Structures are given as structure tokens and as C-alpha cells.
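Chemist: Could you look at this predicted model? Sequence included:
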Amino acid sequence: MICVPACATWPSEISTCLASSRFRRAWSPPLSGASRSPPSSDGWDELVRLAASIRSGRVSASLAMQRFGAAAQGDPLHRAVEHLGRLLRTVFLCDYIAIEEFRREIRTLLNRGESVHHLQRAIYYGKVSHERGRRRDELKVISGSHALLARNTAQMQSVVDRLRKEGQVIEDGWLRRMGPVHVSHINFRGTFRFPVERYADALLQRSRTATHRSA
């Protein structure tokens, strides 16, 4: 059983999700016998005022995070934000477990993000520091990735257009799961050419001399 505050101003989708049969079917096995006490709604009014201030531009979101972050633990407003985050996460988990299509889409997006990281590591083989901000090495990675993504997208679209003109059926649902992050067809390190023919006579002469000496 999951209890929520008896507050009429909670988002309606939270109450609808928690009361839905889809949620009960998906969560009844892991939550059988569990109990949750209802969170306090003392800080809800302050949370609404803070959200209105951020939305109207009176307070920046970064300043609100600094003021009511981890240092504000125990404050009613901090508890209200924490409980709201848990409820919103519950809605997400409810959809993720109960809706197969939604779960598949989330996994596709995660795989797409990992593919972009792989692309960036392939483009910039140096070490990118973990410091925040747009540094020169990070900008190089982003610029190179965008250029390659644009090139791959254009090439993929041209292939799709050509195949469709030839009468081949290509479904959009299949295309939307293909990301333009493939790198196997790209040579990132260039081509090294050694003009061996220019030094062939000298190399062969040295080889013959070494053979005679060993004999």
C-alpha cells in the first residue's frame, strides 16, 4: 500500500497513477505487505511559492538549489521537494514497468546516448578531464561529433531515398531506431604512406650485405 498526502494541489496524474489497476498489477508483487506512511504536506505551500518565484523569474533555479539543497535538510520545504521527487519517480517507474513500449523507448534512448559517447571517444582519443565547463578539448569533441552525425545522417537519408525509389519498402518505425553514430566506415587516424620504392636499392643492398656477413 502506498499513501499520498491528502492535498488537493498534488498533480492529478500522481493520484491517477497510484490508483490505477495498471499500477496495482505491476507493483503488487514487490509491494505486497509493504507500508508507507504519508509524507507531511507542511512545506507544500512554500514549495508552490518557490516554484512560482522561479517561473516568474524572481529567483533563479541555481540560487534555489543552493538555498534549499542538501544543506537545508530538515526544513519543511526541503522535505516537500524530496517527497514530490519520490512521487514523480514513482509515476515514472509505474510507466516503465507497466508499459512495454515506454520501456523499450527509454532503453533505445540510453543506447543512443552510449553510442554518442563511443563516437566522441573515437574522435578524440586524448583524455577529456571531468571538470565542468566548455573547455577546448570538450569543444573539439562536440564539434567533431556534430560534423560526423550530420554527415552520417545525410548519407543514410540518401540511401533510404534511393532504395524507396527502387520500390523497396522501408518502415519509418525501423528507421527511427537507427542512430547516425556508426564509425566503422571512418578512418580517424589517416593514411600512412611510406615511399619504400625511393629507398628500395639501399634497403636491398643492406639486406645483401647483412646476408653475406652472416654467411
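Modeler: Great, that's in hand.
Chemist: Return, as residue ranges, the portions of this structure with sub-threshold pLDDT.
Modeler: 1-41, 71-72, 125-135, 206-215 (pLDDT under 70).
Chemist: Which parts of it are strands?
Modeler: In the chain, no strands are defined using DSSP state E.
Chemist: So which residue is smack in the middle of it?
Modeler: Centroid check for the chain by Cα atoms, centre = their mean gives residue 113 as the closest residue, at 4.2 Å.
Chemist: May I have the phi/psi pair for residue 195?
Modeler: Taking degrees, to the nearest 10, you get phi -70, psi 70 for the backbone angles of residue 195.
Chemist: and the gap between it and residue 107?
Modeler: 51 Å (Cβ to Cβ, to the nearest Å). Any C-beta I mention is one placed from the backbone N, CA and C, and that applies to glycine too.
Chemist: who has more neighbours, these two?
Modeler: residue 107 (11 against 7; other Cβ atoms under 10 Å).
Chemist: if I look at that one, how far off is residue 93?
Modeler: To residue 93, residue 107 is 14 Å away according to Cβ to Cβ.
Chemist: same deal with residue 152?
Modeler: For residue 152, the distance to residue 93 - Cβ to Cβ - is 34 Å.
Chemist: ok, these two, which is more surrounded?
Modeler: Neighbours per residue, other Cβ under 10 Å: of residue 152 and residue 93, the larger number sits with residue 152, 19 against 14.
Chemist: Correct me if wrong: that one contacts residue 180.
Modeler: Yes. At 3.6 Å, residue 152 and residue 180 qualify as touching, with contact defined as Cβ atoms under 8 Å.
Chemist: How many residues are close by residue 156?
Modeler: Residues contacting residue 156 under the criterion other Cβ under 10 Å number 15.
Chemist: buried sites along the longest helix anywhere in the chain?
Modeler: Longest helix of the chain, by residue count under DSSP state H: helix 136-165. Residues of helix 136-165 classed as buried: 138, 141, 144, 145, 148, 152 (neighbour count, 16 or more other Cβ atoms under 10 Å).
Chemist: any idea which of the residues you listed is closest to residue 47?
Modeler: Proximity of the buried residues of helix 136-165 to residue 47 (Cβ to Cβ) peaks at residue 138, which lies at 35.1 Å.
Chemist: the helices in the protein, which residues?
Modeler: Along the chain, the segments classed as helices by DSSP H run 12-19, 21-31, 44-56, 61-67, 76-98, 100-123, 136-165, 172-175, 200-214.
Chemist: Tell me which of those helices sits nearest to residue 191.
Modeler: helix 100-123 (16.9 Å).
Chemist: Compute the inter-axis angle for the closest one and helix 136-165.
Modeler: Interaxial angle of helix 100-123 relative to helix 136-165 (axes from the mean of the first three to the mean of the last three Cα atoms, to 10 degrees): 120 degrees.
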